[in-house]
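Trainee: need the 3D shape of this:
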Amino acid sequence: MTTISADAARAAVHVRDRVSAALSRSWTRYAFVSLLYALLTAVWFHDLMLHIGGAVLYGPNDASYGIRQYWGAEFQGQNPFTQTRDELNGAPEGLPLASAVQIANFLIPAAIWSMHWVVGFTVASNLYLLGGFVLTAVSFYVLLERLGIHPLPAFIAGYAVAFNPWMMERAGSGHSGFMQAWIFPLVIAALLYQHRRRTVRSAVLVGLVLALSFYDNSYYGLMAGLVVGVFWIVELVGQRSWRERLWSVTLADVALVVAVIAFLPPLFVWRSQHETVSANVSNAAQHVQNLGAAAESYVLPSFRHPQLSGVTRYFAPRSEFIWSENTLYLGWSLILLGFVGLVLVARRHPDTLRNATTRYFLVAMAVLAPAAFLFSLKRETSVFGLDVPMPSYAISEFTYFWRVFARFGLLVTFALAALAALALTVLIRRFRWGLAASVAAFGLLAFEYYGGIPPIYELRQTPYSKWIEEQPPGIVANYPLPTDNPAALRLLADTFYQQTYNEKPQFMLFGSGYGGTREDAIRVLVRYVTDPNAPGMLKANGVKYVLLHDDVYREANAEPPPIPAGFHLLARLPGNVRALGIDDDVQPVDIEATLERNAVAIAAAQGITAPDVTAPTEVDGTASLDLQWDHPWLRRVNVTVTASSVGRPRKLHLLTEDGETVWAWDLGSTPTQVTYGPISIDGTSERLELRTEPDGRVKLDAVSIQPLADFSVSIRDY
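Mentor: Next comes the predicted model:
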């Protein structure tokens, strides 16, 4: 028995020595760590991996939308880089697409399009998303370990940057591009290489990697720009002579020039597709404000956390934030450890001075944390009751291309994770219990970040889609059309994806940036199937099949409508769906005339508000009406004036700013209400002139402005 025990002990020691020897080799260690991160990914997303060819997370979401877009490009004989219109979306016009956006974010479509030839679009999309977790964690681990951080804290930091609540939330939204955060360790590695070498070649490398970050994701490109800026500033401050500083500035210029040159292809395509790109990415100052981070969101756990979410609901009700983007919880343990690491850097602890490169990295990360925090905040953030402009304010003054500045919060996580890894490394090297404390810290962080196993949304053909597939060609309209009700919006996303099965064009526009157009007005006018305009307008637009989804009506707290006049029942389908056809005796309406007759109602439905008006109380010869507004879709108005002439009868003329007469009306001594319009206006302000003929006084009792929907902008023109 003793002999057996001794043999077992020797075998255990032999195995331990072999494992230690293997792990002492860096590439073996990296492979082992990669396997661990892959296993963690498999644990959190096991439901998705078991259905990797037929499901997406949550959904329908941007993942199912992307799969449908790639399928649509292939179905129409195109690819993501050549497709400029989706004929199946928003039929009969078809939705314009900006291939410049795909080229600018080249890595996502290139990776998925390349893989789909082997595994299909769904598997390719899921692999790209899940692979991003592993690559992000591994890349940060390798960076930290090579800078002298202990392997266990480096592993914890890799977990923090890859599996934090914001990344998990982005995965749930189907944003596979945001999973590719490995670009930040790559950018930092290039910057550290330049710091050591200080050669033109190293600056060229930084420029190429910076350009790659834009090809990875437009937001990540902007965020990588902040990383590069912080590292360059730290390097400049640390230089000992003006000669060295001048050379650093020269290297920075080289890197920027290289980055711009490398990114020229999408810039050239963007120039040729400027209107379409603008429509696809049109934003406003209010978006920048709403989608900025709230400072408290960094310390409030995710709403999905089974135990800690109550803290968040108590301090910040869900209605206060757009939590999909404001799920920025860093973890109280990570904040504490990061602060300890910051103190170690500030006090020049020996572990922060192992070599010049490590010191440079740690100082830069200490600066990056507050810088990224400020960049993430709302456009104007209240500080002690005073609205203070943040960096996003300055950027949005030049462009609204970027609107979700809360995403800079990921860089705060990167910076704090690096500083926390430093603190744990010092703990392990100084105290015998440091290793156990680090394991406990990892367990605590994993608990704080836990948000439950993400559910999946199975991608399968629905019975109504199967019925549509079997019908002759024709455009399909699914009701209820989307308003602001979540149930109707989910129906739109679901019916959009179902085109991959039934291959029928759909009437509704699935996309953003086309509000205020002629086509948007058409869909506003028939947003209710019971509207008297609906049968004739739908027929005029080539709609052949109308599906009433009764369960969606009920989910939206509405009673399913009876079959309206002008329609007849074609079939009752499983899932409480009624398929209708348009009666043969329904005549197509005159679209333009119908839109014009309903311009006031359409403007109200589009949320177009009347401009503010400054008007005089009387006109003595001439007077001005000053209009001001901020709604981007307001292009036409009616002007209603209640007026009477003092003394003799006279005409009241309304003239535009350039002196063109819009209307003239005869007035007597009795107050008369007259309406001038429609009047075209432009920009955000307009001055109209009132003029009497012959000269004399006209008393103005009231002036009101009525907004009208405009139909001059059409997506056919994109």
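Trainee: just how off-centre is stretch 706-718 within its chain?
Mentor: Chain-centre distance of stretch 706-718: 25 Å, with CA atoms, centre = their mean, to the nearest Å.
Trainee: who touches it?
Mentor: Identification of contacts with stretch 706-718 by CB atoms under 8 Å, 6 or more residues apart in numbering yields 90, 93, 95-96, 275-276, 279, 514, 516-519, 521, 524, 592, 595-596, 598-600, 602-604, 606, 608-611, 631, 633-640, 677-678. (Glycine included, C-beta is placed from N, CA and C.)
Trainee: now, these that are in helices?
Mentor: Residues of these located in helices (DSSP state H): 275-276, 279, 518-519, 521, 524, 592, 595-596, 599-600, 602-604.
Trainee: contact partners for Thr617?
Mentor: By CB under 8 Å, 6+ apart, the residues touching Thr617 are Lys699, Leu700.
Trainee: what about the closest residue to Val227 other than its chain neighbours, which SS state?
Mentor: What sits nearest to Val227 in space, not counting adjacent residues and going by CB to CB, 6 or more residues apart in numbering, is Val187, at 5.5 Å. Look at Val187: counting by DSSP: H, G, I helix; E, B strand; the rest coil, its state is helix.
Trainee: oh, and call the first residue 25 from now on, that's how I've got it
Mentor: Done: numbering now begins at 25, and the last item shifts to Val211.
Trainee: what's near enough to touch Val211?
Mentor: Neighbouring residues of Val211 by CB under 8 Å, 6+ apart: Val230, Val233, Leu234, Ser237, Ala248, Val251, Val252.
Trainee: and with 7 Å instead?
Mentor: Counting by CB atoms under 7 Å, 6 or more residues apart in numbering, Val211 touches Val233, Leu234, Ser237, Ala248, Val251, Val252.
Trainee: in the protein, which residue is most central in space?
Mentor: Val428 (6.6 Å; CA atoms, centre = their mean).
Trainee: for the nearest residue to that residue once chain neighbours are set aside, phi and psi?
Mentor: Spatial nearest neighbour of Val428, excluding adjacent residues (CB to CB, 6+ apart): Leu315 at 4.3 Å. In terms of degrees, to the nearest 10, the main-chain angles of Leu315 are phi -100, psi 20.
Trainee: equivalent analysis for Arg109, please.
Mentor: phi -150, psi 140.
Trainee: so who does the residue nearest to it when sequence neighbours are not counted touch?
Mentor: Among residues not flanking Arg109 along the chain, Gly118 sits closest, at 4.7 Å (CB to CB, 6+ apart). Residues counted as contacts of Gly118 (CB under 7 Å, 6+ apart) are Arg109, Asp110, Glu111.
Trainee: what about Gly118, distance to Gly498?
Mentor: Applying CB to CB, to the nearest Å, the value for Gly118 to Gly498 is 15 Å.
Trainee: cool, Arg170 as well?
Mentor: Distance from Arg170 to Gly498, by CB to CB: 61 Å.
Trainee: what of Ala79?
Mentor: As defined by CB to CB, Ala79 lies at a distance of 30 Å from Gly498.
Trainee: more neighbours, these two?
Mentor: Ala79 (21 against 14; other CB atoms under 10 Å).
Trainee: so the more buried one makes contact with Pro478?
Mentor: No - using CB atoms under 7 Å, Ala79 makes no contact with Pro478, being 10.8 Å away.
Trainee: out of the contacts of stretch 730-742, which are buried?
Mentor: Buried members of these, counted by 16 or more other CB atoms under 10 Å: 114, 117, 119-120, 300, 303, 538, 540-543, 545, 548, 619, 622-623, 626-627, 630, 632, 634-635, 655, 657-663, 701-702.
Trainee: buried subset of the contacts of Gly118, written for PyMOL?
Mentor: With 16+ other CB under 10 Å as the criterion, this PyMOL line picks the buried residues out of the contacts of Gly118:
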select buried, resi 109+110
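Trainee: circling back to that earlier point, contact partners for the residue nearest to the centre of the chain?
Mentor: When contacts are counted by CB under 7 Å, 6+ apart, Val428 touches Tyr243, Leu315, Glu349.
Trainee: then Asp86?
Mentor: Shown in contact with Asp86 (CB under 7 Å, 6+ apart): Ser197, Gly198, His199.
Trainee: who wins for neighbours among these?
Mentor: The residue in the contacts of Asp86 with the most neighbours, by other CB under 10 Å, is Gly198 (24 neighbours).
Trainee: against Arg92, how distant is that one?
Mentor: 11 Å.
Trainee: pull up the overlap in contacts between the two.
Mentor: With CB under 7 Å, 6+ apart, Gly198 and Arg92 have no common neighbours.
Trainee: the closest residue to Leu597 other than its chain neighbours: which element?
Mentor: Nearest residue to Leu597, sequence neighbours excluded (CB to CB, 6+ apart): Tyr488, at 4.9 Å. Assessed by DSSP states H and E, Tyr488 sits inside helix 487-493.
Trainee: for that helix, the averaged confidence score.
Mentor: Mean per-residue pLDDT for helix 487-493: 96.
Trainee: could you say what helices and strands that helix packs with?
Mentor: Other helices and strands packing on helix 487-493, by 3 or more CB pairs under 7 Å, 6 or more residues apart in numbering; DSSP states H and E, are helix 510-526, strand 591-597.
Trainee: so who does Val166 touch?
Mentor: Counting by CB under 7 Å, 6+ apart, Val166 touches Tyr54.
Trainee: that one: which element?
Mentor: Assessed by DSSP H and E, Val166 sits inside helix 145-170.
Trainee: how far away is the nearest residue to Ala393 once chain neighbours are set aside from Leu250?
Mentor: In space, and not counting its chain neighbours, Ala393 is closest to Ala439: 3.8 Å by CB to CB, 6+ apart. According to CB to CB, Ala439 stands 11 Å off from Leu250.
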